[in-house]
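>>> I'll drop the sequence and a predicted model, then ask my questions.
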Amino acid sequence: MVSTNHSKTGFNGFTMIELLVSVLILGTIAYFAVANYYAFKLKAHQSKGREFAQQIISQQTKYYAEWKRYTLDPVDLGFSGPFQSTPPFYDAVLQQCSGPESLTHCVEVVVTPNTTYSLGNTLVITANTRDAWSEVL
């Protein structure tokens, strides 16, 4: 005869297996929640980078309309110093396009993540006037 030690209510608690299964389920749910959170945060940072590139492109277009050439100087575009987004997630560099074009025809905007805020982000946006400000990821 097997005897069990039950209290008056007939229930004495959870078994170790039940507790382990519950912890495993909660851990799995937490893992996917954190992964989705970081993916969402990464997309938000990438959209800030695209927005920053678009701001620089807009300023380049205005500069070109007035001077009939592009510039590599951030001060000419109304920035107070080196190109850096606010908050400082991204840095940008202007460079002359590769090939025979001069600054009168083409300039590239390269936006890269700031290492402090990159979150493992490898987004690099290159836009140039030759390709009608196309975006390359």
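The structure has been received and is ready for your questions. Numbering: from 1, shown residues only.

>>> And the next helix or strand past the helix or strand hosting S47?
Taking DSSP states H and E as the definition, S47 sits inside helix 16-67. With elements assigned by DSSP H and E, the helix or strand that comes after helix 16-67 is strand 90-96.

>>> and that next one, what other elements does it pack with?
With contacts taken as 3 or more CB pairs under 8 Å, 6 or more residues apart in numbering; DSSP states H and E, strand 90-96 sits against helix 16-67, strand 107-113. Every C-beta, even on glycine, is put in place using the N, C-alpha and C of the backbone.

>>> could you give the angle of it to strand 107-113?
If you take axes from the mean of the first three to the mean of the last three CA atoms, to 10 degrees, strand 90-96 sits at 160 degrees to strand 107-113.

>>> Residues touching strand 90-96, excluding its own?
With contacts defined as CB atoms under 8 Å, 6 or more residues apart in numbering, strand 90-96 is touched by 48-49, 52-53, 56, 60, 70-72, 74, 82-85, 102-103, 106-114.

>>> Okay, now the unreliable bits of this protein?
For the chain, the stretches flagged by pLDDT under 70 are 1-11, 99-104, 115-137.

>>> how about 80 then?
1-12, 42, 44-46, 85-89, 97-106, 114-137 (pLDDT under 80).

>>> how deep is R50 tucked in, by neighbour count?
Neighbour count of R50, defined by other CB atoms under 10 Å: 16.

>>> wait, I meant G13
With other CB under 10 Å as criterion, G13 counts 7.

>>> Next, it: secondary structure please.
Under DSSP: H, G, I helix; E, B strand; the rest coil, the three-state class of G13 is coil.

>>> For it, give its distance to L24.
Between G13 and L24 the computed distance is 19 Å (CB to CB, to the nearest Å).
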